[in-house]
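> fold the following for me, if possible:
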Amino acid sequence: MHTLERKSTKRAWSQAIAQPATEFPSTELSILSGNIPQGLRGTLYRNGPARLERGGIHVGHWFDGDGAILAVNFTDAGATGVYRYVQTTGYQEEAASGTLLYGNYGMTAPGAIWNQWRRPVKNSANTSVLALPDKLLALWEGDNPYALDLQTLETRGLDNLGALDKGLPYSAHPKVDYQTKEIFNFGVSPGPNATLNVYKSDFTGKILQKAKFTVEGVPLIHDFVLAGQYLVFFAPAVRVNIWPLLFGTSPYSDSLKWHPEVGTQILVIDRENLSLVSRGQTEPWFQWHFANGYVDASGTVIVDIARYQDFQTNQYLKEVATGETHTPAKSTLTRVHLHPDTGKVTAIQELIDRHCEFPGVPQQNVGQVSRYTYMSSFRQESDISQEILNTIARFDHQTETFTEADLGENCYCSEPIYVQDAQNQEQSWLVTVVYDGNSDSSEVWVFDSDRLDEPPVCKLGLPSVIPPSFHGTWKPN
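All right, here's what the predicted structure looks like:
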C-alpha cells in the first residue's frame, strides 16, 4: 500500500533559509556588472535572522532567528563586505550546547512547562541597525541593544545608552532627525496595562530624556513616526493575552489576538518635552511599519503606513520560517490625516493598491514632507500567499505614479535603502541585497533612484548566501 505524499509547493526563496547563513571576514567584492558610482561612498548595514535551526530543532517563527549583520563598504578602491552573527549571550550559550535553549517570539524554551517562567527570552538582535559615530547598534525590540564595531562587526556587548535599565526595551525603529541630529525611540514594557517608554537621544545615541505612558491592555506596537513637532503612535487592534505568556505556556506570537472591537488607539506626543498632546481612537487595522509623517500647512498631521486589514501577516511570517507559506496578507500604502490636538482621524486614504512593506523616505525627509516613498513589494504576477518580497518600488506622491524594478524571476530583494550621492545633490541611489534563487547566491544591486525601471547600474557578488533580512541603514563616509 502506497501513501500519497503531498507535493511540496516551496518556492525558490526557501533555499535562502534552508541552512544557517555562513559568516565571512572582510572580503573584496567582485563587480558582476556595471560600475560603482563615484558618488556612492559609505557603508550599507543590514540585519536579519540568519539561523533558524540548531541541533535539529527549528525556531517557531521567522522573528526567532539569530541576527547577523552584513556591512558593505564603498570606497574609491572598490567595495568590501563583512558578515557576522551578533554574539549575544543566548547565541553563544546555544552554540556551546549545540541546541536551542531559550524561548522567543514564536517559541517557548525546550523543557518542562512548569519551569518556563524562570527562563529569560533570548535577545536575538535580529531586526534593525542604528549607525552611531563610534558604534553600530543591533536592535531587537524586547531588550537593550547590542553594540558592535562599525568596521569589523565584532560584538562589544549590551549597551544601555547611558540610561536604560537592564532589560528595558529599545525598539528596532528609532527615528533620526537629520537636521537636529536628535534620535527618538521607544520600548513597550508588558504588564496588566502596558507602559510605553519614550526616549530622546543626542547624535551619539546617549539618552537625554525619558517619559512613560500607560497604554490600555497590552497592544503590539512595533513602530512609530516622527511628524514635525510630534511623535505619533498607532496601537493596532492586537492585544497580548498576558497570562499564558507570563506562565510560559504560550509564546508571545501565539498570545497575540486580533480584537477589531478595540479599534486603533492613537497617542500624539510633543517631541520637545515628551509630554502627551492627545489620545484618540479610530477604525481597526494593523501595521508593522510607518513610511513617514509630517505636518501640513493646515496643521494636520499626515501619516503614511503600510496598512493591513487584519493580523494575518503574523501567520504568514510564521510560515516563512518553514520555507513554505500559504496565508495571504496584503498591505497597501495608506495615508492617515490626524488632528494632533484631539487625536481625531479626519481622513484615511489608500494611496495605491499594490502591496507595500518596509516603506521609507530619504533620510533628510524624515518627519517632513517627501515627494517619494520607497518600498518593497511583490511583482504583479506573484502569488503573495506563497512568495516573499520580490521587487522594490517608488511611489511619487506628486504624480501618483508607482515605478518598480524588474529583478527577474526567483530573485528576492531586501528593503531598499536610499543613498544621497556624495558628489551630486541631484543624484541618488537605491541599494538592495538580492537573493538569486536561480543560482543560490546573493548580490548587492545599486539602482538609479530616478530610473528604477531600468537595469541596476551595478551588481556586486557576495561570498555566501545572505538570508532575507529585515532592516538596514546607510552611513556616509
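> where do the strands sit along the stretch 351-477 of the chain?
Under the criterion DSSP state E, counting those that start in this stretch, strands of the stretch 351-477 of the chain are mapped to 357-360, 372-377, 391-396, 401-404, 411-413, 417-420, 428-436, 441-448, 458-461, 471-476.
> may I see the buried residues of the fourth one?
Buried residues in strand 401-404, counting neighbours by 16 or more other C-beta atoms under 10 Å, are found at F402, T403, E404. To be clear about C-beta, it is placed using only N, CA and C from the backbone, and glycine gets the same treatment.
> just the closest of these to A227, please.
Distances from these to A227 were compared by C-beta to C-beta; the smallest belongs to F402, at 23.3 Å.
> now the strands of the stretch 351-477 of the chain as CSV including mean pLDDT?
Shown next, in CSV, are these (pLDDT from 0 to 100):
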stretch, mean pLDDT
strand 357-360, 98
strand 372-377, 98
strand 391-396, 98
strand 401-404, 98
strand 411-413, 98
strand 417-420, 98
strand 428-436, 98
strand 441-448, 98
strand 458-461, 98
strand 471-476, 98
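> out of these, which gets nearest to N123?
Ranking the strands of the stretch 351-477 of the chain by their distance to N123 (criterion: C-beta to C-beta) puts strand 471-476 first, at 16.2 Å.
> about what we covered before: and the strands of the stretch 351-477 of the chain as a markdown table, adding distance to L137?
A markdown table is the format used below for the strands of the stretch 351-477 of the chain (distance: least, C-beta to C-beta, whole Å):
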| stretch | distance to L137 |
| --- | --- |
| strand 357-360 | 18 |
| strand 372-377 | 23 |
| strand 391-396 | 25 |
| strand 401-404 | 31 |
| strand 411-413 | 24 |
| strand 417-420 | 17 |
| strand 428-436 | 20 |
| strand 441-448 | 22 |
| strand 458-461 | 25 |
| strand 471-476 | 10 |
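> out of those strands, which comes closest to L256?
strand 357-360 (18.6 Å).
> that closest one: partners in the sheet, and parallel or antiparallel?
Sheet pairing for strand 357-360, assigned by DSSP bridges, gives strand 372-377 (antiparallel).
> any idea how far the partner strand is from the chain center?
Counting by C-alpha atoms, centre = their mean, to the nearest Å, strand 372-377 is centred 14 Å from the centre of its parent chain.
> now, which of the buried residues of strand 401-404 sits nearest E387?
Nearest member of the buried residues of strand 401-404 to E387, counting by C-beta to C-beta, is E404, at 14.5 Å.
> any regions of the stretch 151-300 of the chain where pLDDT drops low?
The stretch 151-300 of the chain contains residues with pLDDT under 70 at 245-247.
> strands along that one, start to end?
Counting by DSSP E, counting those that start in this stretch, one finds strands in the stretch 151-300 of the chain at the ranges 155-158, 175-176, 183-189, 194-201, 207-215, 225-227, 230-235, 238-240, 256-258, 264-270, 276-282, 286-295.
> can you lay out the ones you listed as CSV showing mean neighbour count and distance to I57?
CSV is the format used below for the strands of the stretch 151-300 of the chain (neighbours: other C-beta atoms under 10 Å; distance: least, C-beta to C-beta, whole Å):
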stretch, mean neighbour count, distance to I57
strand 155-158, 15, 23
strand 175-176, 20, 37
strand 183-189, 22, 28
strand 194-201, 21, 31
strand 207-215, 15, 34
strand 225-227, 25, 38
strand 230-235, 24, 34
strand 238-240, 21, 25
strand 256-258, 16, 23
strand 264-270, 21, 37
strand 276-282, 16, 42
strand 286-295, 23, 27
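> between those strands, which one is nearest to W62?
strand 286-295 (12.3 Å).
> packing partners for the next helix-or-strand element following the closest one?
Remark: after strand 286-295, the chain's next helix or strand is strand 301-308, criterion DSSP states H and E. Strand 301-308 makes packing contacts with strand 225-227, strand 230-235, strand 286-295, strand 331-339, strand 357-360 when contacts are defined by 3 or more C-beta pairs under 8 Å, 6 or more residues apart in numbering; DSSP states H and E.
> redo these as CSV? Include distance to E381.
Formatted as CSV, the helices and strands packed on strand 301-308 follow (distance: least, C-beta to C-beta, whole Å):
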stretch, distance to E381
strand 225-227, 32
strand 230-235, 32
strand 286-295, 24
strand 331-339, 18
strand 357-360, 18
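> which residue packs closest to F358, ignoring adjacent ones?
Spatial nearest neighbour of F358, chain neighbours left out: E415 (3.6 Å); criterion: C-beta to C-beta, 6 or more residues apart in numbering.
> OK, contacts around the one you found?
E357, F358, G360, S376, I392, T432, S469, F470, H471, G472 (C-beta atoms under 8 Å, 6 or more residues apart in numbering).
> ok, how many other residues are close to the closest residue in space to the fourth one that isn't next to it in sequence?
Same thing as S376. Excluding the flanking residues, the one nearest S376 by C-beta to C-beta, 6+ apart is L389, at 4.2 Å. Counted by other C-beta atoms under 10 Å, the residues lying close to L389 total 22.
> also the one 4 residues further on?
The criterion is other C-beta under 10 Å. On that basis, A393 has 24 neighbouring residues.
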